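Engineer: just to be clear, the model below is a prediction. Sequence and coordinates:
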Amino acid sequence: MKANRTIDTPTVFKWRNFQGEIIVLCLRWYLRYSLSYRDLEEMMAERGLKVDHSTIARWVLAYAPETEKRVKPQLKPTNDSWKVDETYIKVKGEWLYQYRAVDSDGQTIEFFFSAKRDAVAAQGF
């Protein structure tokens, strides 16, 4: 009769001072939203965790390429046909221009908000 053994699989975050969930959360927020390392440091402090911004920067440098490799196959592919949609909407009481890239299936590829409607904002998008 064989003994029931569990195999210890090495984790990507082995030997780190923080749990993998914290590292992934900081990494996700940094890559998805336009937050600075200091913003993330402040957000972690609000949650009772003392994480230095330079530590978060090292996490991004170390784990962003691996994250991209693992996430990229799961992203919905877009086709080569797309157009830009522009509208004027109210966000948190402030009127902003929203530029949106939409593919031929109607899926939003990317969006951008601007207080001004000018060539600089359009080219920035």
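Structural biologist: Here it is on my side, so go on.
Engineer: residue 97 in helix, strand or coil?
Structural biologist: strand (DSSP: H, G, I helix; E, B strand; the rest coil).
Engineer: Provide the backbone phi and psi angles at residue 37.
Structural biologist: Residue 37 has phi and psi values of phi -60, psi -40 when expressed as degrees, to the nearest 10.
Engineer: oh sorry, the question was meant for residue 105
Structural biologist: phi -90, psi 0.
Engineer: repeat that for residue 85.
Structural biologist: Backbone torsions of residue 85, given as degrees, to the nearest 10, read phi -110, psi 140.
Engineer: so who does the closest residue to it other than its chain neighbours touch?
Structural biologist: Closest residue in space to residue 85, ignoring its immediate chain neighbours: residue 100 at 4.4 Å, by CB to CB, 6 or more residues apart in numbering. Any C-beta I mention is one placed from the backbone N, CA and C, and that applies to glycine too. Residue 100 is in contact with 84, 85, 86, 87, 108, 110, 111, 112, counting by CB atoms under 8 Å, 6 or more residues apart in numbering.
Engineer: among those, which are in helices?
Structural biologist: Among these, none falls in helices (DSSP state H).
Engineer: could I get those residues in TSV, plus columns for neighbour count and pLDDT?
Structural biologist: Conversion of those to TSV gives the following (neighbours: other CB atoms under 10 Å; pLDDT from 0 to 100):
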residue	neighbour count	pLDDT
84	13	78
85	12	80
86	14	81
87	9	84
108	12	78
110	12	80
111	12	80
112	16	80
